[in-house]
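[1] Sequence and predicted structure, then a few things I'm wondering about:
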Amino acid sequence: MSQTEIHVAIAILTREDKFLCQLRDDIPNIRYPGYWGLFGGHLEAGETPEIALVRELKEEINYTINHDFRLFGYYPEPGLMRHVFHVPLTVELEDLTLLEGWDLGFLTHDDIIAGKCYSSKANMTRSLALPHQRILLDFIGNEE
């Protein structure tokens, strides 16, 4: 891995043709503040993307995964490499605890195509971060 490039591990969490997403905090010093996105985050020193994925899901939604996930693909952009994994969600939404972010919820295929979804916590419709929309559209295209 490049020393100058940031690497992140992110999860496409699926359950019954829906995608669990995070409404990111609406604070200016993070990427895509106030946008819907996928759960995950930066790799720490010495971590593999797989280890980072397991850690991030535990930290963000208190979801413990085993190795029931698979690499979906890599999404590079200048200075950033996204390692994207498909992770089946095997628990109910009520069994998760949102520990990072403003809200969480299931997005449908229609939400993803539209690029936006309503948040009851924000009490408004918020946009889906464009790179995450592209990833989810690719994933949906692979399912067909």
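    Great, that's in hand. Residues are numbered from 1 along each chain as shown.
[2] Might you report the residue contacts of the residue nearest the centre of the chain?
    Taking Cα atoms, centre = their mean, the centroid of the chain lies closest to residue 38, which sits 1.4 Å from it. Neighbour list for residue 38: 10, 11, 12, 13, 21, 22, 84, 132, 135, 136 [criterion: Cβ atoms under 8 Å, 6 or more residues apart in numbering]. All C-beta spots, glycine's among them, are computed from the backbone N, C-alpha and C.
[3] again, only using 7 Å
    10, 11, 12, 21, 132, 135 (Cβ atoms under 7 Å, 6 or more residues apart in numbering).
[4] Just those: which are in helices?
    132, 135 (DSSP state H).
[5] In PyMOL, select just the buried ones from the contacts of residue 38.
    With 16 or more other Cβ atoms under 10 Å as the criterion, this PyMOL line picks the buried residues out of the contacts of residue 38:
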select buried, resi 10+11+12+21+132+135
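[6] CSV please, covering the contacts of residue 38 and showing pLDDT.
    CSV is the format used below for these (pLDDT from 0 to 100):
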residue, pLDDT
10, 98
11, 98
12, 98
21, 98
132, 98
135, 98
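[7] Which is the succeeding secondary structure element to the one helix or strand residue 105 maps to?
    Per DSSP states H and E: residue 105 is located in strand 103-107. Downstream of strand 103-107, the next assigned helix or strand under DSSP H and E is helix 109-114.
[8] For that next one, buried residues please.
    Residues of helix 109-114 classed as buried: 111, 112 (neighbour count, 16+ other Cβ under 10 Å).
[9] Who are the packing partners of that helix?
    Judged by 3 or more Cβ pairs under 7 Å, 6 or more residues apart in numbering; DSSP states H and E, helix 109-114 is in contact with helix 130-143.
[10] gap between residue 52 and residue 60?
    Distance from residue 52 to residue 60, counting by Cβ to Cβ, to the nearest Å: 12 Å.
[11] Good, wrapping up.
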